[in-house]
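*Asks:* got a predicted model here, sequence first, then my questions.
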Amino acid sequence: MMTTAIRAELTKQGHRSASWLLLGIGTLLTVTFGYLVPYVGLSDGSAARGLDAMLPGNFVGAAVGGLPVFVGALALIFGVLVAGSEYGYETWKAVLVQDPSRVRVYTAKLATIAAGTLTGVLVLFTATALCSVGVASLEDQAIVWPSAVDIATGLGGAWLMATMWAALGVALAIVLRSVALPIGLGLVWMLAVQNLLAAIAAPLVPAIADLQKYLPGPNAGALAASLGASPQAPGVDAIVGAGHATIAVAAYLVAFCGIGGWLLHRRDIT
């Protein structure tokens, strides 16, 4: 049964301490660079980011600001662990002997990364909302929340970005049949190559500047910008509109899921 496979996969990942560690690191980074550092700078008069950005009305932007790069990188690692650990521990055979359908097992893994990224997004939104209330209280500011539509839109966009990165991790793990190499290559792409393309290559080569509009990272950054993320956050840049960015990120999500599933179905697991 599909529900049994999903429940088994969720239980396995829920007992993996690395998954919770990734969530804790992502939350800590978001709170530190979204609130702690800017608030300390605000206190001594050197903050480049104003008080308004730290108030409850803008907590959605703070929650999604890390998804184009550093929180997205953590989501990618999560995806690699979900699929790649089966290669590292050589447990694919044991899993498939109990359930001969590779499609069912793979679907359970996709459901797991979707549930994991949704949990992460909800934690980020809760943490930034609480921090924004704290800042408003300390600065004697009124607590005014975004509309329910804005919050729901932010949650949906954040979940889409996080799941895309996690699906990329799953695809890399299946392509390379390991854990360490997919994580290494994924992080090099997200933390180095994307930034080099944006900061160095794109201003010099118009073709690369145009290409950026169709790459996953820049589109995630544009989507985050449309949801209110600070342009000072790494990777956040409104190079395309919200509609274009949403379609591109969704297309990459489908593509990554499809590539991983096709390879797992067609290729020998050893």
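*Replies:* Received it, and whenever you're ready, just let me know what you need. Numbers count the residues shown, from 1 in each chain.
*Asks:* what secondary structure does the residue of the chain most remote from its centre sit in?
*Replies:* The centre of the chain is farthest from one residue, Asp140, which by CA atoms, centre = their mean lies 33.3 Å away. For Asp140, the assignment made with DSSP: H, G, I helix; E, B strand; the rest coil gives coil.
*Asks:* that one and Leu51, how far apart?
*Replies:* Per CB to CB, to the nearest Å, Asp140 is found 11 Å from Leu51. Glycine gets a C-beta too; all of them are placed from N, C-alpha and C.
*Asks:* and what of Pro182?
*Replies:* Taken as CB to CB, the span from Pro182 to Leu51 is 41 Å.
*Asks:* where along the stretch 1-150 of the chain do the helices fall?
*Replies:* For the stretch 1-150 of the chain, the helices defined by DSSP state H, counting those that start in this stretch cover 2-14, 17-31, 37-43, 59-64, 70-88, 92-98, 102-138, 148-176.
*Asks:* reformat those into JSON lines and put mean neighbour count, distance to Ala192 and mean pLDDT next to each item.
*Replies:* Below are these laid out as JSON lines (neighbours: other CB atoms under 10 Å; distance: least, CB to CB, whole Å; pLDDT from 0 to 100):
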{"stretch": "helix 2-14", "mean neighbour count": "15", "distance to Ala192": "28", "mean pLDDT": "85"}
{"stretch": "helix 17-31", "mean neighbour count": "16", "distance to Ala192": "18", "mean pLDDT": "95"}
{"stretch": "helix 37-43", "mean neighbour count": "15", "distance to Ala192": "23", "mean pLDDT": "81"}
{"stretch": "helix 59-64", "mean neighbour count": "29", "distance to Ala192": "22", "mean pLDDT": "96"}
{"stretch": "helix 70-88", "mean neighbour count": "24", "distance to Ala192": "11", "mean pLDDT": "93"}
{"stretch": "helix 92-98", "mean neighbour count": "13", "distance to Ala192": "31", "mean pLDDT": "75"}
{"stretch": "helix 102-138", "mean neighbour count": "19", "distance to Ala192": "23", "mean pLDDT": "94"}
{"stretch": "helix 148-176", "mean neighbour count": "22", "distance to Ala192": "16", "mean pLDDT": "96"}
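*Asks:* closest to Asn195 out of these?
*Replies:* Among the helices of the stretch 1-150 of the chain, the nearest to Asn195 by CB to CB is helix 70-88 (11.6 Å).
*Asks:* show me the contacts for Asn195.
*Replies:* Pro234, Gly235 (CB atoms under 8 Å, 6 or more residues apart in numbering).
*Asks:* helix or strand for it, which one?
*Replies:* helix 194-196 (DSSP states H and E).
*Asks:* go through the very next helix or strand once past that helix and flag the buried ones.
*Replies:* Helices and strands here follow DSSP H and E; after helix 194-196, the next one along the chain is helix 202-204. By 16 or more other CB atoms under 10 Å, the buried positions in helix 202-204 come out as Ala202.
*Asks:* residues making contact with helix 202-204?
*Replies:* So helix 202-204 is contacted by Ile208, Ala209, Gln212 (CB under 8 Å, 6+ apart).
*Asks:* and Leu211, how many neighbours?
*Replies:* The local packing of Leu211 (other CB atoms under 10 Å) involves 14 other residues.
*Asks:* does it count as helix, strand or coil?
*Replies:* helix.
*Asks:* mind pulling up the pLDDT for Met1?
*Replies:* We have a pLDDT of 66 for Met1.
*Asks:* could you do Asp44 as well?
*Replies:* Reported pLDDT for Asp44: 61.
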